[in-house]
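1. How does the following fold in three dimensions:
(4 chains)
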2 protein chains.
Amino acid sequence: MSLRYALLGIISKKPVSGYEVVSIFKEQVVYFWNSTHSQIYTELHKLEKEELLEHELIIQNSLPNKKIYTITELGKKELINWILNHSVKPAKIKDEFLIKAAAFDILTIDEIITLLDEVIAREERILSMTKEWKEHFTKETSKQNLGAIITSEYGIRYAEMYVNWCKWVKEFISSNPPV
Amino acid sequence: MSLRYALLGIISKKPVSGYEVVSIFKEQVVYFWNSTHSQIYTELHKLEKEELLEHELIIQNSLPNKKIYTITELGKKELINWILNHSVKPAKIKDEFLIKAAAFDILTIDEIITLLDEVIAREERILSMTKEWKEHFTKETSKQNLGAIITSEYGIRYAEMYVNWCKWVKEFISSNPPV
DNA sequence: TGCGCCATGTAAATTGTTACATGATTTA
DNA sequence: TAAATCATGTAACAATTTACATGGCGCA
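-> Below you'll find the predicted structure:
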């Protein structure tokens, strides 16, 4: 149900195609919302039926045709109304690694260290990518990228927190080894 | 699909009823996995059919009867196998507030501040609760609560990161006000 | 010649949420 | 006397993921 507002928010900044929305999701939105192209295209159709979006078909010669979506006045009203009046719940997280961490009691120290090191490497990769993104947004000082700057800052802080927590766990288990 | 491993992990520490599993989810697991009682009871039935769990019915006089679940040898093998061999993906997050943050461009400073202050208050409440939980687990120095200690530490760090990010956004928008 | 990018969609399967259903005991 | 706790389940609905489906262009 909130996916629609993520889409409206993206399209409110500038008209984009469904394909571009999908790539914005992969690059910028992953840090706080997950979705796939199949869900996004379907939701875009629904939003258009409800007249919150409209599209213009762009005929391309060498590339496939595309639909450029624009937010309607009604869509903008709906978006602002949701932002101001819908009270949000805490984030819903699904983190497989933390499920493993919760069961570290049954592993050996070496097994735990191996798992932690993999995740540290992964999060450090994500961290450096996110830093590049933030720099990119910060350079273009347009009024319309406040959202991108603050959410990428969130992504950076999240990844840093994750890495530091992993390192803390490594220290913790060396002074409090499991069975 | 990963829910089952969260359940196996919980029950591997000590035999518990479905009801207790649900309350452990609410208290300790919220920080990294979300589920509801209806899904948990259903999954428990499946795990039993697959012989990864078994239960003993406890007849109670003044309270409703309950089923105490125990992990089987097969269940333990499955759990350890998943932990060691299934490569995990980064967390999937659904954070409605970040969807709002991504669209802060279209709000006034006052509106943004109001939204941020609500979330700061919420996360500070969660933070103090989580700190109490961690203290609680740290006091009982059993070998079987390593998981609870490190995941509650994660919860603390996550909430602290969230609050600090919100405060950073407040500062950021006062020096870079939106339209 | 195979892969990735561009570009859009539908169908099937799985997961997850909300509502329905019951009911005694304890606590405020 | 109303709400919370204990205790378990199913049904209906909504959301999400994975697979199916197509196809040209550019690059290595």
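2. which phi and psi does the residue nearest in space to the middle of chain A have?
-> Among the residues of chain A, A:Val30 comes closest to the average C-alpha position under CA atoms, centre = their mean, at 2.1 Å. For A:Val30, the backbone dihedrals (degrees, to the nearest 10) come out as phi -40, psi -30.
3. now A:Glu20
-> According to degrees, to the nearest 10, the main-chain angles of A:Glu20 amount to phi -70, psi -40.
4. number of nearby residues for it?
-> A count of neighbours around A:Glu20, defined by other CB atoms under 10 Å in any protein chain shown, yields 16. Any C-beta I mention is one placed from the backbone N, CA and C, and that applies to glycine too.
5. and if you look at the one 5 residues further on?
-> For A:Phe25, the neighbour count with other CB under 10 Å is 21.
6. A:Gln39 is in contact with that one, correct?
-> No: taking CB atoms under 8 Å as the contact criterion, A:Phe25 and A:Gln39 are not neighbours in contact, 9.7 Å apart.
7. List the neighbours of stretch A:23-39 that are in contact with it.
-> With contact meaning CB atoms under 8 Å, 6 or more residues apart in numbering or on different chains, stretch A:23-39 is reached by A:2-3, A:6, A:10, A:16, A:18, A:22, A:40, A:91, A:130, A:133, A:148, A:151-152, A:154-155, A:158, B:90, B:92-95, B:98-99, B:102.
8. Show the end-to-end separation of that stretch, please.
-> End-to-end distance of stretch A:23-39 (CA to CA, to the nearest Å): 13 Å.
9. in that stretch, what's buried?
-> Of the residues in stretch A:23-39, those with enough neighbours to count as buried (16 or more other CB atoms under 10 Å in any protein chain shown) are A:Ile24, A:Phe25, A:Gln28, A:Val29, A:Val30, A:Tyr31, A:Phe32, A:Trp33, A:Asn34, A:Ser35.
10. Now flag whichever of those is closest to A:Glu123.
-> Distances from A:Glu123 to these, taken as CB to CB, are shortest for A:Tyr31 (12.0 Å).
11. From A:Ile58, how far out is that closest one?
-> Using CB to CB, to the nearest Å, one gets 30 Å for the distance from A:Tyr31 to A:Ile58.
12. And for A:His136?
-> When distance is defined by CB to CB, A:His136 is 26 Å away from A:Ile58.
13. the more surrounded of those two?
-> Neighbours were tallied for A:His136 and for A:Ile58 using other CB under 10 Å; the higher tally belongs to A:His136 (14 against 11).
14. How confident was the prediction at that one?
-> Confidence at A:His136, expressed as pLDDT, is 89.
15. which helices and strands does the helix or strand hosting it pack with?
-> Remark: A:His136 resides in helix A:109-139, with elements defined by DSSP states H and E. In terms of contact count using 3 or more CB pairs under 8 Å, 6 or more residues apart in numbering or on different chains; DSSP states H and E, helix A:109-139 is assigned the packing partners helix A:96-102, helix A:146-175, helix B:73-85.
16. remind me which residues of chain A are low pLDDT?
-> With pLDDT under 70 as the threshold, chain A has low-confidence stretches at A:141, A:143, A:179.
17. got the contact list for stretch A:66-86?
-> Residues outside stretch A:66-86 that contact it (CB under 8 Å, 6+ apart) are A:5, A:8-9, A:11-12, A:15-19, A:21, A:44, A:47-48, A:51-58, A:60, B:96, B:100, B:103, B:106-107, B:111, B:115.
18. Oh, that last question was meant for stretch A:122-132, not what I typed.
-> Under the criterion CB under 8 Å, 6+ apart, residues A:Tyr31, A:Ser152, A:Gly155, A:Ile156, A:Ala159, A:Glu160, A:Tyr162, A:Val163, A:Cys166, B:Pro90 lie in contact with stretch A:122-132.
19. okay if I get those as JSON lines plus distance to DNA strand C?
-> Listed next are the contacts of stretch A:122-132 as JSON lines, based on distance: CB to the nearest atom of the strand, whole Å:
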{"residue": "A:Tyr31", "distance to DNA strand C": "19"}
{"residue": "A:Ser152", "distance to DNA strand C": "20"}
{"residue": "A:Gly155", "distance to DNA strand C": "20"}
{"residue": "A:Ile156", "distance to DNA strand C": "23"}
{"residue": "A:Ala159", "distance to DNA strand C": "22"}
{"residue": "A:Glu160", "distance to DNA strand C": "27"}
{"residue": "A:Tyr162", "distance to DNA strand C": "20"}
{"residue": "A:Val163", "distance to DNA strand C": "25"}
{"residue": "A:Cys166", "distance to DNA strand C": "24"}
{"residue": "B:Pro90", "distance to DNA strand C": "15"}
